[in-house]
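> Okay, here's the prediction I keep looking at, along with the sequence it came from:
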Amino acid sequence: MRVAIVINTSWNIWNFRRSLVQALQAAGHEVVAIAPPDAYSERLETELGCRYVPILMENKGTNPVKDAQLTRRFYGIYRRERPDVVLHYTIKPNIYGALAARLAGIPSVNNVSGLGTVFLVPNFVSKVALQLYRYAFRFPRKVFFQNGDDRALFLQHQLVRANITDVLPGSGVDTKRFVPATEFTRQQPFVFLMIARVLYEKGVEEYFEAARLVREAVPGTRVQLLGGVDESGGVGVKRVVFEQWLTAGNIEYLGTTDDVAAYIRKADCVVLPSYREGTPKTLLEAAAMGKPIVTTNVPGCRETVEDGLNGLLCQVRNAPDLADKMLQILHLPDTELEAMGRAGRQLAETKFDEQIVLDKYLAEVASVQTKRR
């Protein structure tokens, strides 16, 4: 069968859906990657073996005229490429791609990988988004959620029928690729690492303030940030503001990388003070590599931590509490720090292994194939 994977960036397919592409191909399916062009688009073809189809998409915009045109673009591509099933990810493909797939008579499977600002900031735009979800989500054959809280919220707002929903353990993690070091090592000085785009909703402002407090308490502690600056849509930290924050000297900014594991390996603890997530893949990777986690007690993030066992949960939008939890981890003796890492690895293996996610997708695609015969 021909399976289309549709996401808001080619980078997203490369970083988060690569294993799914490979699993679909191994099962004998042809994969068509549909996403806006970026530096990773060519790699989808040359290194993953997909057929790449570009689409213009303004990811953060809310202009209804432009969004209607996006539905038309999706429809045109679906009619031309004729996939047997379409797998949608991220808000605009989930909404406008699902509408286009319905118009084109193609079954679709949606994945709610995070709610973003639509549910974080109640306003006119969020009300419109809820109505769009309610209409568009009548059409997919399956809607996957990455945590139970998000599913419950959609059911509470009557945005989707319960009988077509299922919950995945996030995007899962490749436990064969992300593995702990053969021997436990504590960095000197201690290293905290946050991996996220520089967005307010990721808790980056709180992380900077917590870094100042931690370094005041334990001078020399290294606090790192890995991730791209994203000023689009008015939700990212402006570069000029970000550079001002950096001048305080409390954060080491690492830029971006294709090898996240190399940075996790050199950290003692991975931190994500996000306001809400689907299930953060970086935290799953940290757990799989045996690193303690500090993250917020919010949907998506709290799924990755059993508080006190493989990490600590902190209050959302609360830099002093975040700093307090980071210091608690820092002050742990080696034996307890190592034990937290082992507990995280076990959680990754039993609850978050990506094979759980792949098996559910392969079963859904196989169900479509059986129905078409």
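Nice, I can see it.
> A strand includes residue 144, no?
Yes: membership of residue 144 in a strand is supported by DSSP: H, G, I helix; E, B strand; the rest coil.
> Report the contact partners of it.
When contacts are counted by Cβ atoms under 8 Å, 6 or more residues apart in numbering, residue 144 touches 109, 110, 111, 112, 165, 166, 167, 168, 360. Where you see a C-beta, it was placed from the backbone N, CA and C, and this is true even at glycine.
> one more time with 10 Å
87, 89, 109-113, 151, 164-168, 278, 357, 360-361, 364 (Cβ atoms under 10 Å, 6 or more residues apart in numbering).
> Find the helix or strand that the closest residue to it other than its chain neighbours is a member of.
Distances taken as Cβ to Cβ, 6 or more residues apart in numbering place residue 111 nearest to residue 144, at 4.6 Å, with adjacent residues excluded. Following DSSP states H and E, one finds residue 111 within strand 108-112.
> Let's see that strand as CSV, backbone CA atoms only.
Output in CSV follows, covering the C-alpha atoms of strand 108-112 (Å, rounded to 0.1, in the frame of the first residue of the first chain):
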residue,chain,number,x,y,z
SER,A,108,-6.9,8.9,7.6
VAL,A,109,-5.3,8.4,11.0
ASN,A,110,-4.6,11.4,13.2
ASN,A,111,-2.1,11.8,16.0
VAL,A,112,-2.6,14.6,18.7
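> partner strands of that strand, parallel or antiparallel?
strand 85-89 (parallel), strand 142-145 (parallel) (DSSP bridges).
> Does the residue nearest to residue 144 touch residue 91 like I think?
No: under the contact definition of Cβ atoms under 10 Å, residue 111 does not touch residue 91, with a separation of 11.0 Å.
> ok, these two, which is more surrounded?
The neighbour count for residue 111 versus residue 91, taken as other Cβ atoms under 10 Å, is higher for residue 111 (24 against 21).
> The more buried one and residue 264: what is the separation?
Using Cβ to Cβ, to the nearest Å, residue 111 is found at 24 Å from residue 264.
> which regions of the stretch 101-250 of the chain sit below the pLDDT cut-off?
116-121, 233-234 (pLDDT under 70).
> ok, which stretches of it are helices?
117-120, 124-136, 148-156, 204-217, 239-246 (DSSP state H, counting those that start in this stretch).
> just how off-centre is the last one within its chain?
Its chain's average C-alpha position is 24 Å from that of helix 239-246, according to Cα atoms, centre = their mean, to the nearest Å.
> The following helix or strand past that helix pairs with which strands, and in what direction?
Using DSSP H and E, the next helix or strand after helix 239-246 towards the C-terminus is strand 252-253. Strand 252-253 has its sheet partners listed here by DSSP bridges as strand 222-226 (parallel).
> and the angle for the strand it pairs with with helix 204-217?
160 degrees (axes from the mean of the first three to the mean of the last three Cα atoms, to 10 degrees).
> Could you say which one of the helices of the stretch 101-250 of the chain comes nearest to residue 189?
Comparing the helices of the stretch 101-250 of the chain against residue 189 with Cβ to Cβ, the closest turns out to be helix 204-217 (9.8 Å).
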